[in-house]
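# make a model of this:
(2 chains)
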Number of protein chains: 2
Amino acid sequence: MTYELYYWTGIQGRGEYVRLALEAAGAPYRDVAREKGDDVIGKVTEEMATPSFAPPFLRDGEVVVGQVAAILLYLGDKLDLAPKDPKLRLWTHQIQLTIADFVLEGHDVHHPIGAGEYYENQKPEALRRAREFRSARVPKFLDWFERILERNEQSSEHLVGKDLSYADLSLFQVMDGLTYAFPKLIDDLYGDYPKIKAVCAVVAGHPRIRAYLESERRLAHNESDLFRHYPELDAEA
Amino acid sequence: MTYELYYWTGIQGRGEYVRLALEAAGAPYRDVAREKGDDVIGKVTEEMATPSFAPPFLRDGEVVVGQVAAILLYLGDKLDLAPKDPKLRLWTHQIQLTIADFVLEGHDVHHPIGAGEYYENQKPEALRRAREFRSARVPKFLDWFERILERNEQSSEHLVGKDLSYADLSLFQVMDGLTYAFPKLIDDLYGDYPKIKAVCAVVAGHPRIRAYLESERRLAHNESDLFRHYPELDAEA
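Got it, this is the predicted structure:
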C-alpha cells in the first residue's frame, strides 16, 4: 500500500516530520501536492468525512489522519518507529507533542502578531519575542530533551527505548531547523547538549535518512518555512 | 484505582480538560496540587523517569502521562470516552489536537510577545493580535467544528460517533472559555453555529458535568487563566 501525504509544496514545514518517518522506514509514498499542485489539498479536504483543519494529512487506504502527532502515532505502529510497550508508546507520543509545541514557538517568533500579516509588518514585535525565545524558551526545551535522554536507561542515542523512533527523527528535524534559523544561538548553546547532538548524529547517519537528505525530495530551508533565518532575530555575535 | 492529576492550583487551565473527562466518567481522582500545594508538581517531576515538560500530567499506578491530548487519549480508552473503532478513536484524537491548537491561540492573544512578560507590557501587541484572532482565527476554528459536526452521520450532538467523547467535553470547555473572554464576539457569532451550541448544551446538561460545574471543584474563570476577559481585546459593541 502506497501512503499518500498531503502537504504544501515549496517548504519542508510540518509535512517533513511525516516524510522523515516514511523515508526512515523506506515506506512507499506519494507526496500528492508535489505531483498535482497545492489545489489538490483543498479539493480532497472538501470531500473527506474527516477533513483536517490544516495539512499535513495522510491517507492510507481507508484511513485518513491529520495533525502531525496523530499521523506519527499511527505510522509509529505501522512502520515500527515506536516501542510496542504501551507505556513507552504513549511516552513517545508525549515527546512528539512537546516537539510540536516547540515547533510552533519557533514559528511564532517571526509571526507574533499572527500568520495573516507579513513578517515585515511585525518586525519590532518579532525582535521582542525572539529575545524571550532565545533566552528562556530554547534553553528550557533543550534542557528537557537532554534530561529525558539522561533518564533513558536503555540507550544514550535514542529518546525512547533502545531503537530509533519517530521522536528521534522529529528531534533531528527541529534541531536542523533551529540551526538554520538561529545559527549563532545554537553555536553558543549546543556544547551543553551532547546527548541531543548524539541523537541528531544517529538520525543524520541513518542510511535511508542520509540518502533522503541528499535527494531532491529534501527541500532546502527557506523564508516561507516554519524556521526562518532572519539574522536580526538570532543571538548577537 | 484513584487517578492522580497534577496541575497548578488557582486556575482551570489545561488541567480542566482532564478534569472534565474524569468528572464525566465519575472516576475517582485526587487533584494533588490542590491538596499539597504547587510545589509538589516540581518535586514529583524531578523524580520521574518520564518527566513532563509542563503540567498537567496524570498518574495511574505505574502509568504517568503528560500533555493534555495524550492524557485524554489514554483516558478515552480507560473511561469509555472515545469510540472503540480505531479509525474513530484516531479521529477523536485529531480533533483534540486541533482544540489544543485553538486553546494555545486563545492564550497567545493576550501574550503575543511571550509568557515571560506581563500582559500590561505587551498590550499594544495584544490589541493587534486580537484583531486577527477575532476576525480570522475564531471563525476558522468554529467553521471547522461546525463542518465536522455536519459530517458526523451518527449524531447531531456529538463530534464523533453517537456517544459522548472527550472531544465533546473539550469543545464545551473551549467555548466556555471563549465566551468568558470574548463575550461580545461570541454573542455576535454564536448564532451561526447551531451544532456547536448543541454539543455544548449536551455537555452542560450531562448529570455528572452539571454537578461538577456547580461544585466547588470547578474554579471560576480569572485573569491568570488561559482565557482572560480583557474587554479591550473583545469585539466592539
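
# tell me which element the closest residue to A:A82 other than its chain neighbours falls in.
Nearest residue to A:A82, sequence neighbours excluded (CB to CB, 6 or more residues apart in numbering or on different chains): A:G76, at 3.1 Å. C-beta here means a position set from N, CA and C on the backbone, and glycine is covered the same way. A:G76 belongs to helix A:68-78 when assigned by DSSP states H and E.

# quick one: contacts of that helix?
Applying CB atoms under 8 Å, 6 or more residues apart in numbering or on different chains, the external contacts of helix A:68-78 come out as A:14, A:17-18, A:21-22, A:25, A:27, A:56-58, A:60, A:63, A:65, A:81-82, A:89, A:92-93, A:96-97, A:100, A:165-166, A:170, B:69, B:90, B:93-94, B:97.

# can you give me the strands for chain A?
All strands of chain A, identified by DSSP state E, fall at A:3-6, A:29-31, A:57-60, A:63-66.

# closest to chain B out of those strands?
strand A:63-66 (5.4 Å; CB to the nearest CB).

# residues contacting the closest one, please?
For strand A:63-66, the surrounding residues in contact (CB under 8 Å, 6+ apart) are A:48, A:50, A:52-58, A:71, A:74, B:87, B:90-91, B:94.

# what's the distance between the helix holding A:G76 and the middle of its chain?
Put simply, helix A:68-78 sits 13 Å off its chain's centre (CA atoms, centre = their mean, to the nearest Å).

# with stretch A:15-23 instead?
Between the centre of stretch A:15-23 and the centre of its chain there are 8 Å (CA atoms, centre = their mean).

# now do stretch A:176-191
Between the centre of stretch A:176-191 and the centre of its chain there are 16 Å (CA atoms, centre = their mean).

# repeat that for stretch A:189-207.
Distance of stretch A:189-207 from the chain centroid (CA atoms, centre = their mean) equals 15 Å.

# residues of that stretch that come out buried?
By neighbour count with 16 or more other CB atoms under 10 Å in any protein chain shown, stretch A:189-207 contains the buried residues A:189-190, A:193, A:195-196, A:199-200, A:202-203, A:206.

# tell me the mean pLDDT for that stretch?
Across stretch A:189-207, the average pLDDT comes to 98.

# just the CA trace of that stretch, in CSV.
Coordinates of each C-alpha in stretch A:189-207 appear next as CSV, following Å, rounded to 0.1, in the frame of the first residue of the first chain:
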residue,chain,number,x,y,z
LEU,A,189,24.3,26.5,23.2
TYR,A,190,25.0,23.2,21.5
GLY,A,191,28.1,22.3,23.5
ASP,A,192,25.8,21.9,26.6
TYR,A,193,23.7,19.3,25.0
PRO,A,194,25.9,16.3,24.0
LYS,A,195,23.0,13.8,24.1
ILE,A,196,20.8,15.8,21.8
LYS,A,197,23.7,16.1,19.5
ALA,A,198,24.3,12.3,19.6
VAL,A,199,20.6,11.6,18.7
CYS,A,200,20.8,14.0,15.8
ALA,A,201,24.1,12.4,14.6
VAL,A,202,22.5,9.0,14.6
VAL,A,203,19.5,10.2,12.6
ALA,A,204,21.7,12.0,10.1
GLY,A,205,23.8,8.9,9.7
HIS,A,206,20.9,6.5,9.2
PRO,A,207,21.4,5.2,5.7
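
# that one near chain B anywhere?
No. Using CB under 8 Å from any CB of the partner chain, stretch A:189-207 never reaches chain B; the gap is at least 14.4 Å.

# likewise for stretch A:140-147?
Yes. Remark: stretch A:140-147 sits within contact range of chain B at A:141, A:144, A:147, by CB under 8 Å from any CB.

# any quick PyMOL command for the buried ones out of the residues you listed?
To isolate the buried ones among the residues of stretch A:140-147 next to chain B in PyMOL, judged by 16+ other CB under 10 Å, type:
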select buried, chain A and resi 141+144
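
# may I see the buried residues of stretch A:216-225?
Of the residues in stretch A:216-225, A:219, A:221, A:225 count as buried by neighbour count, 16+ other CB under 10 Å.

# could you do stretch A:106-122 as well?
Result for stretch A:106-122 [16+ other CB under 10 Å]: buried residues A:106-114, A:117, A:122.

# closest one of these to chain B?
A:G114 (3.7 Å).

# pretty sure that closest one contacts B:R129?
Yes. The criterion here is CB atoms under 8 Å, and A:G114 meets it with B:R129 at 5.6 Å.

# the spatially closest residue to A:D80 that is not a sequence neighbour: what's it in contact with?
Spatial nearest neighbour of A:D80, excluding adjacent residues (CB to CB, 6+ apart): A:A25 at 7.0 Å. Contacts for A:A25 (CB under 8 Å, 6+ apart) come out as A:75, A:79-81, A:208.
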